[in-house]
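[1] Just to be clear, the model below is a prediction. Sequence and coordinates:
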Amino acid sequence: MSEPIEIAHRESSVLRISVRTAAIMLAFTLVFTALMAGTYRVTEPLVAASALTEKLRLIGEVLPPGHYDNDLMADAITLSPQKALGLNEETRLWRARKGGEPAALVLEAAALDGYSGRISLILAVDVEGHMLAQRVTAHKETPGLGDYIDPKKDRNKTRPWITQFSNLGFDTVPQKKWKVKKDGGRFDQMSGATISARAVTNASGRALAWAVEHRDKLFALPANSRFEESKP
Amino acid sequence: MFEAILVMALGAVVLGAALGYAAVRFRVEGDPLVEKIDAILPQTQCGQCGFPGCKPYAQAIAKGEADINCCPPGGDEGIHKLADLLGREFKSLSAEHGIEKPKSVAVIDEQRCIGCTLCIQACPVDAIVGAAKQMHTVVAPQCTGCELCLPPCPVDCISMQPIGESVETWKWKYPVFKINPTQREAA
Amino acid sequence: MSAYKDIAWNGIWKQNTILAQVLGLCPLLAVSSNLVNAVSLGLATIVVMMLSNFAISALRAFIPYEIRIPVFILIIAALVTGIDLAFNAFLHDLYMVLGIFIPLIVTNCIVLARVEAFAAKNGLRAATFDGLMMGVGFVWVIGLLGAVREFVGQGTLFSGIEMIFPQLSGIQILPVEYPGFLIAMLPPGAFFVLGLLIAGRNWLDSRANQRTREQRIHHQADHANSVPA
Amino acid sequence: MNAVQRLFGFHGGVKPAYNKEAATGLPIAVAPTPTLLVIPLHQSIGGIPRPLVKAGDRVLKGQRIGGADGNVSSAVHASTSGTVVAVEMRLMPHTSGLSALCVVIEPDGRDEWIPRQPFDFRSATPTQTRDYLRDTGVVGLGGAVFPSYLKLNPGKLGKLHTLVLNGAECEPFITCDDLLMRERAETIIKGTLIMREMLSAGQVLIGIEDNKPQAIAAMEVAAQAANAAAGDSSIKVVPVPTRYPAGGAKQLMRVLTGIEVPHGKRSTDYGLQCFNVGTAYAIYEAIALGQPLISRIVTVAGNVERARNYEVLLGTPMRDLVALCGPLPDTDRVIMGGPMMGLLMPNDEVPVVKAANCVLVGSRKLFPPPPPEMPCIRCGECAKVCPSDLQPFEMYWFSRAKIFGKAQEYNLFDCIECGCCAYVCPSRIPLVDYYRFAKSEIWARELENEAADVARERYEFRLLREEREKQEKAAKLAAKTAAGREKAAAALAEVEQPAVTPEQDAKKALIAAALERARVQKAQAHPENTSNLTPQQQAEVEAIEARRAEIREMAKPHLRQDD
Amino acid sequence: MTRQDRDLLVNNSPYFLQPASVQSVMLRVLVALLPGIAAYVWFFGAAILVQILLASVTALAAEAVMLKLRGKPLMMFLGDGSALVTAWLIALTFPSIAPWWLTVFGTLLAIVVAKHLYGGLGQNPFNPAMVAFALMIVAYPLLMSQWPGVDATDFAGQWEAIFGSRQLDAMTMATPLDALRTVLRDPEQRAVIAGLLGKHATFGNVGGRGWEWIAAGYALGGLYLLQQRIITWHMPVAFLATLFAVSGAFALYEPDRFAGPGFQLFTGGAMLAAFFIVTDPVSGATTPRGKLIFAGAAAVLTWIIRTFGAYPDGIAFAVLLMNIAAPLIDMYTQPPVFGHKDKRGDSP
């Protein structure tokens, strides 16, 4: 006899509790989402500034600030995927100028034949066709074996391996000598760990050649325009 | 940002309602933990733990009101099992609750028994048979050795006798190898 | 007061989140490759734990049992987002290193475990203190882990401290010729060192247990002897 | 001649040195009657027989002195005529070194039989046959001593296709079955025919290891004769390859028929039954001659000058038997059974029982103590030789760690303790000891759990009953007058002070009188379990009493309600 | 004779045992390694003997110290030979011109950490030699990748490499596996691989010059172990057959990119692994079917790590990964117990 009443009672309590929990949940969500949103608002400019600093720091590693006086971030163009640079995606290229005159190009490149796949590079090439410097930005080389291409991991802190490319161009090192010693070239490699060094060396050589070839065209393009590959 | 809050709010309402509904609808009755604990306890129903029987002690453990080391008949092994079940650390037997004794059964000295039935009332497992003014006796296989019949007996005619080993209940010992049995004794 | 002592002891040793409960392994193993990173993440975790314990203890009367977990997560997530943004804004170098691990504090079981097990049942002060002490327990272990890994792996300590205090720099402890022990710096090394730390704790604990047991037996024996027959 | 019997292999097994020649040179001799026979009542698997005689009784040879108790049990008999000296606890032929109830008989030298008459099993009902065999004490004589009447039952199939006779005798040193088959083959076959009839079995396969050519030849002759008499060829003697433990019942059944009888299943469900040749002989004596089982053939071998087989009266001390064979001076132990599975005896005075197929005399030279146990390297040799296809090293691992549940998962109870694994183990681990340990622990635990379940049930029932009685009482009171109703309310509310009825008064007086009597008794007799306590124990007892008092206080309302 | 006396005899049935011991098993394993070592010395000089000696002395010393610390009877365990087997496997898997401290350190880790911290003989879940190899190649990948050149067998130079401080570039050479990876990663040089694996002067005919003979020596020793019934056929056959099948299938699919089965079987540690490493009973699977699964899976992992991994030879990692899985494999591959398989009347 009392059963239907009980069920009805239970039904109402289910509804009541559901509504109550939903309401409380809503209240908490509103308060704390607002809190998060507020924090975001406050820190937004600072975070953006940090991100910019980070980018400039990376570029600064290959292109010392003294080499240019323009707003590097604004004077950039987009590259279509460049096979010669080992790239399968669009990248940015920054143009450094000093006193309005072209000074250097900062571009990205990649070596696909590392021991464990792709090695990403950033490098700066000055207007005379010398490589100012290059850095590895991402790689998966075996720790302790091939990762000396990254100066942070290189045990030789005073003169990391990657710095031997600085200020060299095809005038000082002929293009066919732009190889590791093992392959009869000019650059050192760690014995027992040739593969990573060879990949970086070859990729940088290709990138340098590409930059020298397209230098004038690249400087001539308006800012924020797009560079399409003209020939294979 | 307004959008973000809206999405969050919507999610909150749905989630809150669903959880509230589920909490009522799928409420589990009873406490299986008590059964599990009770299964480990030795069922002597002796009350040495301070609770009137094994089940109440199991309930107390499940509620966190009693510690796991209050059961002397269960011994260290029982405490280990409880510790494993409850994910707690092992503790040695709490001394205030008694010591682990060899398993025993109660025996009524039939010469002295006056047939008062007090022990029959005290026995938690009805293992004593007899009637008023008749001699009582303990059904040994059913006796848990809880000793609860000892205090009520007005003539102290009940004693606990350890269960001895027989050829049938003898257990092979853990094989521990002695590296150097002395020649003299072995000969 | 002894309740606070208990809380402290639980956090630092007995219920230590890493050594006893082995929680929060993901950030633990990923970030503890050197002392500075380890301690930094640890400090961030302390802050989150204190704040979340405080917030939840304060709000516990308003949180229905059924939806406590989503609410806890929400609160922790809000706090962590705040800290993440703050790191990004003010300690950007360190943020680059700790990177994804700060948001991961949200899912760090340590925080949720303490909130659920302690803060939701205790008063404001006790809960905040518990957050602090649990965090301290986390910091000293992750710090030790980081120090051992850094020392064994490359023979230095405090490398990378310039990211926080630009005027300081790391210390080279072992000679520069030290060949290093690379595996200590890699994730497997973190497991090895953590395993050894846990083994060390168990060893200390079992030794202490043994001692108390012996003491009790002696005590009982003395007691038995002193009672007149 | 017979068609060549197809043989099946069994997994594993070992080939230890057999050492059987020493005892096969001489025919079976009859051991002299000792000055005192100690006959244990418990000589078979199952319930312990009740003693039927008491000290001072005169018994005849073959007289039943222990009656079977329960469904699985078997009677025991006086081995010769004489006087019962005592029915008391004596050391058992068991490794435990524990004692059990034995009937001690002083022979009178007259060897006077009880009246014997053949049993006509063909006209008896199955129950009568069953009881008769049970009361003649026939059990499996291969060593397992399982009551034979339980096995002489065709089971649910109603008939069997094969009766297997086990003459494999694979254990080193033991030759009692070999000699029995050589000398009494005809009787064995006669016993077999009786069993076949009882079991409605088809063919009879007699498995004998091929290292016993003489026994095979003798059995072959007897079988041919029987086949000729019946005009068929249903009895076959099958030589089986010599490999321990080919004589295990399950292994032999597998070798002869290819059928594997799983652990815990009856072989009759597979249309098979297996008996030892000695059992067949005993069946013949019991059925055709009316003689209960009072003696058996025992091999005495090992560290003795003249190993030999004897027909021995059950209850003869092993020492007397060993003395007949001239034990060598460095003898240090007596083993019942063979070197692979035999039980170490607590001393050499224990009596020969139905299970004793061999009395193996040992010395440190003959059976040197194994080299120190090394850790298991999981080399798998034990698994290679295990005739039960087990993983002995896993069972060892868990038995050693006392994780008995896992040991059972690895089928610990399929282990037949044949000892092959320990025999080959390069780490010289006493594997079988670990299994024995684990098995007895598991059995003990099961018993404990059963007892706990019973106790729980009884306790819960008691609580239920108390509750019900309380309600009934209240209802009864309520059903009475208004005054009664008030009283009921009072009784429920103030259970501490129930109304005193005259009846209870009388009871109290009685109790008081009894207490007075008891006090006098108590002054004389002090309860044993509270004497000689250390002060510490005393204190504990007091503490416990105090707690008990509390509980009683708590429980009082319930108790009073029961009054 | 009383019951107390009997207790001192302690052993129950069986009362006599077959004469076999752990020691004799281990000794025969060492004997089986000799042909491979002989080939090693012939092609790459005596440096390997120095490494074996170094590893053996270190292993025995570490074993003795650990036994002492753990309070175990010294002579009984030291004489079991298991430490020597571990030591020899370490020496044979490390480059023979590795600096002395690398071998000593690796051996110490194997004996102290991988063996004794887990409870000593019979308790180690991982193959100690493989633990040593894996730890060392992760910690010192450069040193663990410098193998002796096939023509640089002069002992004085090798001695200098082991005990001197100089790195001897002239002596080192990429192993065939390294060479394979080198060209594998360079799209322009993929064509070279065919020449490399063919009759190439430097690398020998099948698995690289010298290496295939060493592998054959190990295989010979493995056959001896089979004949002595110390190992069963399951593991070697499963390992080699699986490696053959997997590498064969991929080589057929793209022969320019993937090395063929002959190369895979006869280079690196494949033969050593098949007969001496995966067959380690303590850390491997033990049931017959389990052994097949264990060794087969180890072979697949080996091939994957060799082809795609960050380190040249994948055997150590493959074996360690399978060590973890061994208890599980054993649990699920229990052979049916007597009577529990439905075997009515079929012949064995």
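    Perfect, I can see it now.
[2] Which secondary structure elements does the strand or helix carrying D:Met198 sit against?
    According to DSSP states H and E, D:Met198 maps onto helix D:176-199. Packing partners of helix D:176-199 (3 or more CB pairs under 8 Å, 6 or more residues apart in numbering or on different chains; DSSP states H and E): helix D:21-24, strand D:160-166, strand D:201-209, helix D:213-230, strand D:272-276, helix D:277-288, strand D:295-302. Backbone N, C-alpha and C define where each C-beta goes, glycine included.
[3] Would you mark the buried spots in stretch D:442-455?
    If you call a residue buried by 16 or more other CB atoms under 10 Å in any protein chain shown, then stretch D:442-455 has these buried ones: D:442, D:451-452, D:454-455.
[4] Tell me which two of those residues sit farthest apart.
    Between any two of the buried residues of stretch D:442-455, the greatest separation by CB to CB is 20.2 Å, found for D:Ile442 and D:Ala455.
[5] can you tell me which of the helices and strands packed on helix D:176-199 comes nearest to chain E?
    Closest to chain E of the helices and strands packed on helix D:176-199, according to CB to the nearest CB: strand D:295-302, at 9.6 Å.
[6] A:Thr39 versus E:Gly217, what's the distance?
    69 Å (CB to CB, to the nearest Å).
[7] no no, C:Ala199
    Computed as CB to CB, the C:Ala199 to A:Thr39 distance reads 42 Å.
[8] Who has more neighbours out of the two?
    Remark: of C:Ala199 and A:Thr39, A:Thr39 carries more neighbours, 19 against 12, as counted by other CB atoms under 10 Å in any protein chain shown.
[9] Could you find the closest non-adjacent residue to that one?
    C:Gly82 (4.5 Å; CB to CB, 6 or more residues apart in numbering or on different chains).
[10] quick one on the thing from earlier: TSV for the helices and strands packed on helix D:176-199, including distance to chain E?
    Shown next, in TSV, are the helices and strands packed on helix D:176-199 (distance: least, CB to the nearest CB, whole Å):
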stretch	distance to chain E
helix D:21-24	15
strand D:160-166	11
strand D:201-209	14
helix D:213-230	23
strand D:272-276	11
helix D:277-288	21
strand D:295-302	10
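[11] Of the ones you listed, which is nearest A:Thr29?
    strand D:272-276 (74.2 Å).
[12] Tell me which strands the closest one pairs with, and in which orientation.
    Using DSSP bridges, strand D:272-276 pairs in its sheet with strand D:160-166 (parallel).
[13] thinking A:Gly169 is in contact with A:Met131, fair?
    Yes: between A:Gly169 and A:Met131 there is a contact under CB atoms under 8 Å: 6.6 Å.
[14] And the residue nearest to A:Ser116 when sequence neighbours are not counted, how far from C:Met96?
    Closest residue in space to A:Ser116, ignoring its immediate chain neighbours: A:Lys140 at 4.2 Å, by CB to CB, 6+ apart. A:Lys140 is 19 Å from C:Met96, where distance means CB to CB.
[15] before we move on, what about D:Thr279?
    From D:Thr279 across to C:Met96, the span is 87 Å (CB to CB).
[16] now swap in D:Tyr435 and tell me
    D:Tyr435 sits 62 Å away from C:Met96, going by CB to CB.
[17] remind me, longest helix of chain C?
    helix C:187-226 (DSSP state H).
[18] How far does that helix sit from its chain's centre?
    21 Å (CA atoms, centre = their mean, to the nearest Å).
[19] any residue of that helix up close to chain A?
    No: using CB under 8 Å from any CB of the partner chain, helix C:187-226 stays clear of chain A, coming no nearer than 10.2 Å.
[20] ok, back up a step: looking at D:Tyr435 and C:Met96 now, which is surrounded by more residues?
    D:Tyr435 (25 against 14).
[21] Need the nearest residue in space to the more buried one, chain neighbours excluded.
    D:Cys415 (5.2 Å).
[22] Can you pull the residues of chain B lying near chain A?
    B:1, B:4-5, B:8-9, B:11-21, B:23-25.
[23] Among those residues, name the ones in helices.
    Checked against DSSP H, the residues of chain B next to chain A include these in helices: B:4-5, B:8-9, B:11-21, B:23-25.
[24] among the residues you listed, which ones are buried?
    Applying 16+ other CB under 10 Å to these flags B:8-9, B:12-13, B:15-21, B:23-24 as buried.
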